[in-house]
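Asker: Would you be able to build a 3D model of this:
(chains A, B and C)
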Amino acid sequence: MPGQDIAVVGFAQSPNVRSSEATTNGVEMLVPIFHELLASTGLSKEDIGFWCSGSSDYLAGRAFSFIAAVDAIGAFPPINESHVEADAAWALYEAWVKIRTGEVDTALVYGFGKSSAGQLRRVLALQLDPYTVAPLWPDSVGVAGLQARLGIEAGSWSEREMAEVAARSRAAALDNPHAQLSGVVDVEQLLAAPYLADPLRAHDCAPITDGASAIVLASGERASQLCERPAWITGFEHRIDSANLGARDLTTSPSTSGAGRAALNGKSGVDVAELHAPFSHQEIVLRQALQFGEQVRVNPSGGALCGNPMFSAGLERIGHAASQVHSGSAGRVLAHATSGPALQQNLVCVMEGSDS
Amino acid sequence: MSRHLAAVLGTGQTQHTTKRTDVSMAGLCREAIDRAMADAGLDWPDIDAVVLGKAPDLFEGVMMPELALADALGAPGKPLLRVHTAGSVGGSTANVAASLVQSGVHRRVLAVAFEKQSESNAMWALSIAPPFSMPVGAGAGGYFAPHVRSYIRRSDAPEHIGALVAVKDRRNGALNPYAHLRQADISFESVRSSAMLWDPIRYDETCPSSDGACAIVLGDEPTGDAARNPVAWIRATAMRTEPTTFAGRDQVNPQAGRDAAAALWRQAGITDPYTEIDAAELYVPFSWFEPMWLENVGFADVGHGWKLTESGETEIGGQLPVNPSGGVLSSNPIGASGLLRFAEAAMQVMGRAGEHQVDGARTALGHAYGGGSQYFSMWVVSSTKEW
Amino acid sequence: MTATSSASIGSAPLRAPLDIGFDYTRSLGPLLSEFMTGLAARRIHGVRGSDGRVHVPPVEYDPVTAEALTELVPVAAEGTVLSWAWNPEPLDGQPLSSPFAWIFVRLDGADTAMLHALRVESSEQVRTGMRVRVCWAERPVGHITDIACFEPANGPASEQPAAEPGEPVTMMTAPVHLRYQHSVSAEESRYLRGLAEGRLLGQRCPVCGKVYIPPRGACPTDGVPTEGEVELPDRGVITTFCIVNVPFLGQRITPPYVAAYVLLDGADIAFLHLVLGCDAEDVRMGMRVKAAWRPREEWDTTLRNIDHFEPSGEPDAPFDSYAQHL
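Answerer: Here you go, the predicted model:
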C-alpha cells in the first residue's frame, strides 16, 4: 500500500519538566537530542535529506521565534528545511509527504516549546475566533471543562472514568524516565480532591510542560539499514473540525474518526496507542472516535497527562508508539496528535513492524 | 516512490492595499480563494486538502489563525496544514501544497496565504526587543540596507541601479489591477529625489505595507490534462535554509539561495536559466535586491547582476522580464507575497497575466526569501508537460 | 522591558519579564459588522446556515458547505445553559473579575451555543438547563463584550431596552497583552555579566574554532555550544552600515545616525551597533572604531553599556581584511 516504505527509525526527547532554564528558541533542549538521535542512527547532519519543525511564536512571545532553532542543527552548509506553526506531528506529516515525492530518503523532524515562559491557558485563548470569542479570553481549562461536562451529562463518560484515565496514566508513566508526573494513585483519592475548574480536577488536566523531541524518518532500504526494527508508517492522516465550538458536538471527534478510519484503512487490531489527550475526558473521546476495544494498550508512556510539552507532545506520542515497534513489544501501533481548542484538529499515524 | 506531476489549475488574489477595512480576515482569504476556485473551474467538494501560509501570528494577534479560519477555508473534514517559514512562507506554502500532489497523497489541493498587516503594525511586531538585547532601532530597511551597501561595494554597481528597478516595478504594477501601488507616472528622477530612508535605500525603493491574500489550486496530472483552461505544470521546487548569522556568512549572496537555485535548475533540467526562463517573479522588497538575486539564483555572474538590470533586459519585452506583476515593490502582504510570486509565475505560463503578460512565456520562475535572507523557496512552472 | 538589576549575581541563565501588548484593530466585514452594530443597540443576531441552523454568534462561512452566509436572524437575549465550567480564578481580560461560570448558552431562536460568562455567586447556583439572560454593558459600542455577561433569568430583569441601530460598526479593537518570562542561554548570560563589568567576553566554537560574541548556546554551523572565554578589546572595524534617516516611535537618537556592523578585533562575527562621534556622511566601510562606554554607574547586563562606537583615528582596514564578513 502507498507509504509502506517510510519508517520512523529514531526518536529522542528531552525530559518533560515544569520549567526549563532553556531559552524559548529551543536550542538548549534540541542540541542534546539531535546528538542522541544522530548517534543512535549513525547518521550525520549532512545525511539528513529534509528537516522540518513545529513550534509557536505565541508560546515564545515573539515573532520568528523558530528561526534561531536551526542553530542547534548547525545549519551550514544550508539545509532543505520547512516549519509548521503547529505541533511537530504535522511537521512529521510534511516530511513524510516530502519523502514520498522521492526527492529525499531521510528526514529529521523536531518540535519544541517552553510553555512555562507565558501564561499558557490564557495564551491559548488566542486560538479562538478573534471577533466573537477570543476577546472574552476563554482559557483552555475553561473550554475543556465545558466539553467535559457535556460528556458527563450525556452519559458518555463519568468523573470516575476520567479519574481512572488519570490514575492509569500516572502508573504507566513510572516506566517513562522522561515523564513529568508519575506514580501510583488511587481513584477514590483523586475523586476526593477539590475541583480545579468544576467539573475538572487537577488530575484531569495535563501539567504545564517544557520540552522538545525529534524523530528520524527514512524510506525503504535506508530505513532497514538505520534501524533493526523500523516502525513502518502504514497510514498517516489528519483532519480538522469546524472552528465553531457551539455548533460542534464536542462529545465526539469527527476529525479523529475520519483520520483514524483512513489511516487504519480497514485494519483492526492495534496493540498499542499513544493518544494526545491534554485532558482526561479527551482520551475517552479519542478512544470512542477510534473505536478501540479493551485490548488496545493506551498511553504506555503516561500520555500528555504526565507531560504535555506544547508543540512537541504530538510528535512525542508518535515517537513513543514507534519505540514500541522498535523494541519489538508491539506489532501495530497507532499514534495521535491534537491541535487547537477542544480537539479541533487531529492526526493519526499507524505504524507496523515488518512482520505484522 | 517517485514524483507525480502536479499543475497549477487556477490562481486568485485580492485587491492589495494598505488597509482592507471592508473585510474580515476570513473575507480577505475568501476573496482570493473564490477567484482561484473560479479560475480553476473547481468547487469545494473537489478539494482534498488545504495549506495555509502566513508570517508571524503576532501580526494579526491570532494564534494559529488557520484554526479559526477552518470554515472559511472549506477545511472541516479535510486535512489543513499551516506553514510558517518567515517571509518566504508564501513560496513554501506553494511548495508544500505541490508536494501533497507530487507525492500522490492528494489529487487537488488549495493553497492560501494572507497577511492583514493593518490589524497591527508589522514594525511593532518585528521590533519587540527581548530583555538584555540592544535594539539599534532601524526596522526592516535598516536590517537590509547595510547588505545593499556591501553589494554596491563588492560589485562596483553605480548608485542609480536601485532607482531603475523601482521605476520598472512600479510601472509594471500599474499594469496589474490587483497591485497596491500603481504608479504609471513614476520616473527615474522622482525616485532619485525621494527621501533617503536607510541610506543607501530611498523611499521609492521600498515595498509598501499591504493587506492581501493569494490562493492557488493545484491538481494532479489527470486533473491538469482535463482542465478546460491552460494550466501551469510544476517543473521543479526547492527550499533551503541557513542560520541568520554565523562567522563568515555571506549576507549579500547567501549560500542557501545559491544552493536552492542550483537544486531547482538541476531538477528542472535547466542549464542556462537566463535564456531558458521567460519571466521571473523575484522577491524584491527593496529595489537593490533585484540585481542581488539575479546573481544569487544564477541569471547573472557574481558582480554582474546590476548590468543586466541596467541593460533593460529585465523589463517586460527584455530577454528576462523580472517582476512583470510589479512585484513586492508594488504590493507586500508579507505572508502572501511569496505565494503571489509563485502564482504570478504560473499566470505567465498559463497566459492569464492580462496587461502584464510576457508574450509567449512558456517557462517562469517564482522566488521568495525570508528572515535575514536565510529562507529560500522557489519553483519553476511551464506551459507544457514536455520540457 | 528592563533587565533585572540583580542579574550580575550568580551564574544561572539570566531571565527577565517580557511584556508584549498591542490593541489590534480588526475590520469586521459585512456580516460581523451587522452583528456588532446590533450589539451596540442591544440586539443579537444569528445567521442561518446552509442546513437551516441558526448560528449565534454568526459565522461568516458555513461549517458544512463553506458558502458565505448572509441571512441574519434576530434571536432573544435569553436562553438555556447547555454546559458550564467553573472559573475560580478569572484571568486578565475575562468578562468578570470575581469567580464565574463559563457557559455554553443557546439563545432562544438559535440552534447553536454561544460561549460566554455567567455571573453567579458560586458553582452551586449553576446547572445545565437553567435559563439565563444577557446583562448588557452600560455603554455598548459594538463589541462582543457589549454582552457584559449572562445572569440567571429568575430574578428581576434590569431595565436595558434595545435601541434602534445606530451608525454601522465596521471595526473592533482587540487588546492583546501578554506577559512572558524571557531567559537567555547560559553562554549569553556569561557575556552579559561580563558587560556589567565592562568586559567583552566571547567564546570559541570547539569544532570550527570561530570566536563568537555574544557566545552561543549552539554554534550556528556546528550545533554545539561555544566554550571557554575569549576576552575581546573594545575596538574593531566597521564592515558595513546604513544611515538611518527614518524617525520612528521610541527612537533614542534624532536621525540621521549610523547603524553599523562592528567586527571587534579577534572576533569572527560582527554585531550591529551605533556609530556616533562624526558626521554620518564620514562613516566608511573599513573605518576603525572604538567603544564609547556609558558612565560605569549606568552599567547593567546589556550591550547598551556601550553607548555607541566612534572613530578611533586609526587608518582604515583594507577591504580584504573584512570582506569575508559581509
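Asker: and the residue in the stretch 251-387 of chain B positioned nearest to chain C, which of the three is it?
Answerer: Distance from chain C to each residue of the stretch 251-387 of chain B (C-beta to the nearest C-beta) is smallest for residue B:252, at 5.9 Å. Quick note: C-beta positions are derived from backbone N, CA and C, even for glycine. On the three-state scheme (DSSP: H, G, I helix; E, B strand; the rest coil), residue B:252 is labelled coil.
Asker: and the stretch 51-200 of chain C, which of its residues are near chain B?
Answerer: Proximity of the stretch 51-200 of chain C to chain B is confined to C:59-66, C:68, C:170-171, C:174, C:176, C:182, C:184, C:188, C:192 under the rule C-beta under 8 Å from any C-beta of the partner chain.
Asker: Count the residues that sit near residue 88.
Answerer: By default, I'm working from chain A. Using other C-beta atoms under 10 Å in any protein chain shown, the number of residues around residue A:88 comes to 34.
Asker: try chain C instead
Answerer: Neighbour tally, residue C:88, other C-beta under 10 Å: 14.
Asker: which residues touch it?
Answerer: A:195-197, C:99 (C-beta atoms under 8 Å, 6 or more residues apart in numbering or on different chains).
Asker: Mark which of these are buried, thanks.
Answerer: A:195-197 (16 or more other C-beta atoms under 10 Å in any protein chain shown).
Asker: Next one: residue B:318 relative to chain A, how far apart?
Answerer: 30 Å (C-beta to the nearest C-beta, to the nearest Å).
Asker: where in chain B is pLDDT low?
Answerer: By pLDDT under 70, the low-scoring segments of chain B are B:1.
Asker: so where do the strands sit in it?
Answerer: B:6-13, B:49-53, B:80-83, B:108-116, B:196-199, B:201-202, B:211-220, B:232-241, B:279-281, B:363-370, B:375-382 (DSSP state E).
Asker: can I get those in TSV with distance to residue A:81?
Answerer: Shown next, in TSV, are the strands of chain B (distance: least, C-beta to C-beta, whole Å):
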stretch	distance to residue A:81
strand B:6-13	21
strand B:49-53	15
strand B:80-83	12
strand B:108-116	18
strand B:196-199	29
strand B:201-202	29
strand B:211-220	21
strand B:232-241	4
strand B:279-281	22
strand B:363-370	12
strand B:375-382	8
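Asker: Nearest to chain C, out of those strands?
Answerer: Going by C-beta to the nearest C-beta, the one of these nearest chain C is strand B:196-199, 3.6 Å.
Asker: what's that closest one packed up against?
Answerer: Under the contact definition 3 or more C-beta pairs under 8 Å, 6 or more residues apart in numbering or on different chains; DSSP states H and E, strand B:196-199 sits against helix B:139-155, strand C:235-244.
Asker: Of those, flag the one that's most buried.
Answerer: Of all those, strand C:235-244 carries the top mean neighbour count, a mean of 25, counting by mean count of other C-beta atoms under 10 Å in any protein chain shown.
Asker: What pairs with it, parallel or antiparallel?
Answerer: Strand C:235-244 sits in its sheet next to strand B:196-199 (antiparallel), strand C:257-264 (antiparallel), strand C:288-293 (antiparallel), going by DSSP bridges.
Asker: Check those strands for me and report the most buried one.
Answerer: Comparing the strands paired with strand C:235-244 on average neighbours, where mean count of other C-beta under 10 Å defines a contact, strand C:257-264 leads with a mean of 24.
Asker: Run the angle between that strand and helix B:139-155 for me.
Answerer: Strand C:257-264 runs at 60 degrees relative to helix B:139-155, counting by axes from the mean of the first three to the mean of the last three C-alpha atoms, to 10 degrees.
Asker: can you list contacts of strand C:257-264?
Answerer: Contacts of strand C:257-264 (C-beta under 8 Å, 6+ apart): B:136-138, B:142, B:146, C:200, C:202, C:213, C:232-244, C:269-276, C:280, C:283, C:289, C:309, C:322, C:325.
Asker: Please find the angle between the direction vectors of the next helix or strand after it and strand C:235-244.
Answerer: Next along the chain after strand C:257-264, taking DSSP states H and E as the criterion, comes strand C:271-275. On the basis of the same axes, to 10 degrees, strand C:271-275 is oriented at 70 degrees to strand C:235-244.
Asker: ok, now which ones touch the residue of chain B most remote from its centre?
Answerer: Distance from the C-alpha centroid of chain B, by C-alpha atoms, centre = their mean, peaks at residue B:132 (34.4 Å). By C-beta under 8 Å, 6+ apart, the contact set of residue B:132 is C:3, C:14, C:16, C:182, C:184, C:188, C:192, C:301-302.
Asker: can you tell me which of the contacts of residue C:88 lies nearest to residue B:277?
Answerer: residue A:197 (59.2 Å; C-beta to C-beta).
Asker: Can you show me the helices along chain C?
Answerer: According to DSSP state H, chain C carries its helices in the segments C:29-40, C:186-196.
Asker: okay if I get those as CSV plus distance to chain A?
Answerer: Output for the helices of chain C, formatted as CSV (distance: least, C-beta to the nearest C-beta, whole Å):
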stretch, distance to chain A
helix C:29-40, 5
helix C:186-196, 8
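Asker: JSON lines for those, including mean neighbour count and mean pLDDT?
Answerer: Output for the helices of chain C, formatted as JSON lines (neighbours: other C-beta atoms under 10 Å in any protein chain shown; pLDDT from 0 to 100):
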{"stretch": "helix C:29-40", "mean neighbour count": "22", "mean pLDDT": "98"}
{"stretch": "helix C:186-196", "mean neighbour count": "22", "mean pLDDT": "96"}
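Asker: right, and the ones you listed - which one's nearest residue A:88?
Answerer: Ranking the helices of chain C by their distance to residue A:88 (criterion: C-beta to C-beta) puts helix C:186-196 first, at 24.9 Å.
Asker: how far is the closest one from where the chain is centred?
Answerer: From the chain centre to the centre of helix C:186-196 is a distance of 25 Å (C-alpha atoms, centre = their mean, to the nearest Å).
Asker: same thing with stretch A:249-267?
Answerer: 16 Å.
Asker: so how far does that stretch reach from one end to the other?
Answerer: Taking C-alpha to C-alpha, to the nearest Å, stretch A:249-267 runs 27 Å from one end to the other.
Asker: do that stretch and chain B meet?
Answerer: Yes - judged by C-beta under 8 Å from any C-beta, stretch A:249-267 comes into contact with chain B through A:254-255, A:258.
Asker: From the rest of the structure, what touches that stretch?
Answerer: Applying C-beta under 8 Å, 6+ apart, the external contacts of stretch A:249-267 come out as A:1, A:146-147, A:150-151, A:154, A:156, A:234-241, A:270, A:285-286, A:288-291, A:332, A:334, A:336, A:342-350, B:76-77.
Asker: Just give me the neighbour total for the closest residue to residue A:88 other than its chain neighbours.
Answerer: Among residues not flanking residue A:88 along the chain, residue A:111 sits closest, at 2.5 Å (C-beta to C-beta, 6 or more residues apart in numbering or on different chains). Using other C-beta under 10 Å, residue A:111 has 35 neighbouring residues.
Asker: circling back to that earlier point, keep only the contacts of stretch A:249-267 that also lie close to chain C.
Answerer: Restricting the contacts of stretch A:249-267 to those near chain C - C-beta under 8 Å from any C-beta - leaves A:146-147, A:150, B:76.
Asker: residue contacts, residue 116?
Answerer: Going with chain A. Each residue near residue A:116 by C-beta under 8 Å, 6+ apart is listed here: A:18-20, A:208, A:210, C:181.
Asker: wait, chain C
Answerer: Counted by C-beta under 8 Å, 6+ apart, residue C:116 has contacts A:136, C:95, C:102-103, C:105, C:147, C:149-150.
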